[in-house]
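J.: sequence and predicted structure, then a few things I'm wondering about:
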Amino acid sequence: MESAKPNTYSHQNVIVMRHGDRLDEAHSESEPLWTSTAARPWDPPLAPVGMDRAFRTGQRIRSEIGFPIHRVFVSPFLRCIQTASQVVAALSAVEPEHKAMSSKDVLGMDNTKLKVSMEFGLCEVLSTTCMNSEVVPKDGNFDFKISDLEAMFPEGTVDSNVDMVYKELPQWGESSQGFKDRYYNTVKALAEKYPSENLLLVTHWGGVSVALYNYFKDATKYMVDYCGYVEMTRQVLDGKPEEFEVVTSHRVSFKENNLPIHDLHVISQSPVKPVCM
């Protein structure tokens with residue numbers, strides 16, 4: 001009698017993360033009217049505090065998640081590019097020699113070979129839901145130069161041969177259901193394309209929220225702070241993936257009481273604001 005083949009299974013992990021603090025929301029005395037003088041007012045960069053928060057979040061991810069990140073997909077908006085660049089730098093950094101560790105730590109995590117690619121499907125909600133129509137380019141051309149954006153990432157990390165799920169940006173005025181479907185379809189398609197790899201998706205408020213509403217199975221309203229993220233995992237049994245579940249989060253809280261949805265010890269370092277962007 002032929003013996004039954006043993007089940008083989010693994011896990012795929014996906015982190016969906018919001019970008020860091022944006023310059024036009026920093027309200028500093030040095031940049032009080034950034035939008036009114038900017039050449040690209042629809043595409044603000046990170047504030048200095050946002051750059052720092054992004055790098056520290058990358059360090060936190062590296063030290064706490066317990067698995068390597070294989071691929072990073074990122075929205076083409078500058079604040080997401082800069083966030084992802086800082087996170088990738090933190091994930092790929094080689095430890096000082098006196099710690100007797102390389103970027104491959106005691107858990108066998110090696111983040112030095114991760115690859116970064118752009119994805120239009122992770123872009124900002126292109127409607128007045130999350131963008132002021134006064135700053136949107138009149139001709140509808142958001143003018144993203146992909147090669148210039150790719151140059152912002154650490155050398156050797158960019159994989160420009162990956163086909164985007166969404167080949168172009170949505171048209172201005174996308175509906176609420178439209179952007180929810182877009183974020184969901186993008187996460188689903190990327191995860192299915194790379195079932196044996198762990199992914200980090202750097203996107204906007206809406207992308208993190210959609211991941212929560214689809215996989216956290218809770219109708220409660222959520223707040224996502226800058227660099228907030230959710231970590232999802234699923235079992236892949238004999239090559240067939242199960243449904244994702246949200247296993248933890250950082251800087252994400254319940255709207256009605258501002259309590260973190262997972263770790264009650266997480267302390268928000270800036271006020272949580274009910275904005276998209």
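T.: That came in fine, so what should we check first? Numbers count the residues shown, from 1 in each chain.

J.: please look at Pro44 and Leu23 and confirm they touch.
T.: Yes: under the criterion of CB atoms under 8 Å, Pro44 makes contact with Leu23 at 4.9 Å. From N, CA and C alone the C-beta is placed, and that goes for glycine too.

J.: who touches both of the two?
T.: Trp34 (CB atoms under 8 Å, 6 or more residues apart in numbering).

J.: ranges for the helices of the chain?
T.: In the chain, the segments counted as helices under DSSP state H are 34-37, 48-64, 78-92, 146-150, 176-193, 205-215.

J.: so which of the ones you listed comes closest to Arg18?
T.: For those, proximity to Arg18 was assessed by CB to CB; helix 205-215 is nearest, at 5.0 Å.

J.: tell me which strands and helices the closest one is in contact with?
T.: Helix 205-215 makes packing contacts with strand 9-18, helix 176-193, strand 222-237, strand 245-254 when contacts are defined by 3 or more CB pairs under 8 Å, 6 or more residues apart in numbering; DSSP states H and E.

J.: what angle separates the longest one from strand 9-18?
T.: Between the axes of helix 176-193 and strand 9-18, defined by axes from the mean of the first three to the mean of the last three CA atoms, to 10 degrees, the angle is 140 degrees.

J.: show me the shaky parts of the stretch 151-277 of the chain.
T.: Across the stretch 151-277 of the chain, the ranges flagged by pLDDT under 70 are 219, 263-277.

J.: adding mean neighbour count, write the helices and strands packed on helix 205-215 out as CSV.
T.: As requested, the helices and strands packed on helix 205-215 are arranged in CSV below (neighbours: other CB atoms under 10 Å):
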stretch, mean neighbour count
strand 9-18, 22
helix 176-193, 17
strand 222-237, 22
strand 245-254, 20
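
J.: for Asn214, which of those is the nearest?
T.: Across those, the minimum distance to Asn214, taken as CB to CB, is reached by helix 176-193, at 5.7 Å.

J.: tilt between the closest one and helix 205-215?
T.: 70 degrees.

J.: chain center to helix 176-193, what's the gap?
T.: Its chain's C-alpha centre lies 13 Å from the corresponding centre of helix 176-193 when counted by CA atoms, centre = their mean, to the nearest Å.
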